[in-house]
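Trainee: Fold the stuff below for me.
(one chain, ligands or ions: 1)
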Amino acid sequence: MTATEQRTVPRRDGNAAPPEHVDVLVVGAGVSGIGAAHHLRERFPERSVVLLDAQDHPGGTWWTHRYPGVRSDSDLFTYGYRFKPWRGPSIAAGGEILDYLDEVIAEDDLAPHIRYRHRVTAASWSTEDRRWTVRVTQLDTGQELELTTGFLLMCQGYYDHAQPHRPQWAGMDRFRGLVVHPQQWPQDLDLTGKRVVVIGSGSTAATIIPAIAGRAAHVTMLQRSPSYFLAPPLTHELAVTLRQLEIPEEWTHEILRRAYTAQFNELARLAHEAPDELHTFLMESMEPLLPEGFDVEKHFTPRYRPWQQRIAIVPEGDLFAALREGTASIVTDTIETFTETGIRVSSGEELEADVVVSATGFDLSVFGDVAFTVDGEEVEFPDRVTWRGLMISGIPNMAYVFGYFRHSWTLRVDLVSDLVIRLMERMQLADATMVVPTLRDEDAGMQLRPWSDPEDFNAGYVMRSQHALFKQGDREPWTHMLEHGAEMEILPKADLEDGSLVYR
Ligand SMILES: Cc1cc2nc3c(=O)[nH]c(=O)nc-3n(C[C@H](O)[C@H](O)[C@H](O)COP(=O)(O)OP(=O)(O)OC[C@H]3O[C@@H](n4cnc5c(N)ncnc54)[C@H](O)[C@@H]3O)c2cc1C
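Mentor: Numbers count the residues shown, from 1 in each chain. Model (predicted):
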């Protein structure tokens, strides 16, 4: 009987049936969990793999975010997995990404391995038993379950899916209109003829605005400070050409992955070596798309260097088109107070609104808020160091999949899965049942650095939660947040025998 055919057995008391055991337990069924499960099942078909997800549907981010126009920022050739060709336009709608993930689940027969509405709340490692005991709340029934696993793969993403970041502003309670958050978008919300203010300056605001402009009476983007934008075509011309030539989709996928990777590597290089040049390029490519006489300095000149936060993508410049057409406008100012009928900003201007969309981002969640203990000791993540951005010092048999912020997240899903598989093969060969990242003598006294160096990447959600996150060191293998260009060389060759991993 495979693990997935077994029923999860609740432990009613100390003598109840032992918890179900699985070889690998994956937390999360978003792009990371599904991708990792594909690789694991392909390499180790004999091992039992179970994915648990708190939501009632696969897709993670793409199921949580179903606001108007929701789409990727990344091209889907690199956001798609390396093993499954992307057949659509470069930039995809959220629904298209969900369809793609559904296809992976069907093709790999992953459905029997995924359990929805299962929230993992705690994970306790026992060296004696060489296994994790994982506590789970079955959200439909409220029942508490336990499972045990030999290896825990955390694919929980980086933010709290249940609770969006909700800044509180003065006067909100007297506002008579509706305040909605894109993470909890009411699917029946009709904005026809409504005056809408979208608070935010990032990708989400830039996506919602063109999607509702024209239908709403007017949309105002209210931003405290501007972001960088890039307006690429919806589909890469190379993809159009290759498809016209009826080149096999597998080839097109690989060629486009390389084309986009090269483009992003160049962007990363410019951001590090010539940020002023990149800034000028981004400004100059945007200006012709804006209405004549538009105050670019005020509304579109960020206070940070390009790449210190994600560059927002507006395919075909659709946000700028809404500005040109006058169906949307931008106010760059701070909120003084909500009023009964809208928002007053610091300049004194009143923005009338029926609906306010708070596109203010997320709250970061550390490992899905799972409480970790190792041999009875609570794990305090700020005291720990990452091993290559995929394991944590002192935590045995646990890896996590955390994608890139500035490149396609999924590029790292494939790379990390390969390394986890290599690690499992190494354990199997050595008959080891346990692997723990451990600081070596030469790492003693190593300078510990914050999870994210604000000089390098300083998005609001990261800065708000940095204190709760683990650290990185000043040398390999204790670093992370490297660029994809570097990691695609480093990770496949990462030395598993350099003493930083202790096998037992
Ligand atoms: C609107 C939006 C657009 C984005 N666009 C892009 C883009 O274009 N390119 C890009 O690279 N990145 C983008 N991102 C980042 C995006 O989050 C990642 O690309 C990717 O979707 C993360 O996948 P994941 O599977 O790691 O995590 P998630 O998608 O966050 O999924 C994690 C899953 O784990 C589950 N989970 C978490 N904790 C627990 C727990 N304790 N117990 C059980 N289940 C749990 C959650 O319910 C969720 O379903 C975007 C993010 C957002 C919000």
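Trainee: Look at the closest residue to P233 other than its chain neighbours and say how many residues are nearby.
Mentor: Excluding the flanking residues, the one nearest P233 by Cβ to Cβ, 6 or more residues apart in numbering is E316, at 6.3 Å. (Each C-beta comes from the backbone N, C-alpha and C, glycine too.) The tally of other residues near E316 (other Cβ atoms under 10 Å) stands at 15.
Trainee: What separation is there between E316 and the ligand?
Mentor: Relative to the ligand, E316 is positioned 16 Å away (criterion: Cβ to the nearest ligand atom, to the nearest Å).
Trainee: same thing with Y461?
Mentor: Distance from Y461 to the ligand, by Cβ to the nearest ligand atom: 10 Å.
Trainee: after the helix or strand that residue falls within comes which helix or strand?
Mentor: Using DSSP states H and E, Y461 maps to helix 460-465. Sequence-wise, the next helix or strand downstream of helix 460-465 (DSSP H and E) is helix 484-493.
Trainee: returning to what we had before: pull the distance from the helix holding Y461 to the chain's centre.
Mentor: Mean-position distance between helix 460-465 and its chain equals 14 Å (Cα atoms, centre = their mean, to the nearest Å).
Trainee: Name the residues of that helix that are buried.
Mentor: Going by neighbour count (16 or more other Cβ atoms under 10 Å), the buried part of helix 460-465 is G460, Y461, V462, S465.
Trainee: Export the residues you listed to TSV and append columns for pLDDT and distance to H65.
Mentor: Formatted as TSV, the buried residues of helix 460-465 follow (pLDDT from 0 to 100; distance: Cβ to Cβ, whole Å):
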residue	pLDDT	distance to H65
G460	75	17
Y461	74	14
V462	76	18
S465	79	19
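Trainee: before we move on, back to that, my guess is the residue nearest to P233 contacts L234. True?
Mentor: Yes. Contact criterion Cβ atoms under 8 Å: E316 and L234 qualify, at 5.7 Å.
Trainee: Write out the residues of the stretch 301-450 of the chain neighbouring the ligand.
Mentor: G368, D369, V370, V401, G403, S408, W409 (Cβ under 6 Å from any ligand atom).
Trainee: Could you dump the residues you listed into JSON lines with neighbour count, pLDDT and distance to P164 added?
Mentor: Shown next, in JSON lines, are those (neighbours: other Cβ atoms under 10 Å; pLDDT from 0 to 100; distance: Cβ to Cβ, whole Å):
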{"residue": "G368", "neighbour count": "23", "pLDDT": "96", "distance to P164": "16"}
{"residue": "D369", "neighbour count": "13", "pLDDT": "96", "distance to P164": "15"}
{"residue": "V370", "neighbour count": "19", "pLDDT": "98", "distance to P164": "20"}
{"residue": "V401", "neighbour count": "29", "pLDDT": "97", "distance to P164": "23"}
{"residue": "G403", "neighbour count": "25", "pLDDT": "94", "distance to P164": "20"}
{"residue": "S408", "neighbour count": "24", "pLDDT": "95", "distance to P164": "23"}
{"residue": "W409", "neighbour count": "23", "pLDDT": "96", "distance to P164": "19"}
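Trainee: Counting neighbours, what do you get for the residue of the stretch 101-250 of the chain found nearest the ligand?
Mentor: Distances between the stretch 101-250 of the chain and the ligand by Cβ to the nearest ligand atom are smallest at G157, namely 2.1 Å. Neighbourhood size, G157 [other Cβ under 10 Å]: 24.
Trainee: now swap in L491 and tell me
Mentor: When neighbours are counted by other Cβ under 10 Å, L491 registers 20.
Trainee: Please apply the same query to D495.
Mentor: 10.
Trainee: my read: F83 touches H38, true?
Mentor: Yes. Counting by Cβ under 8 Å, F83 does reach H38; the two are 6.6 Å apart.
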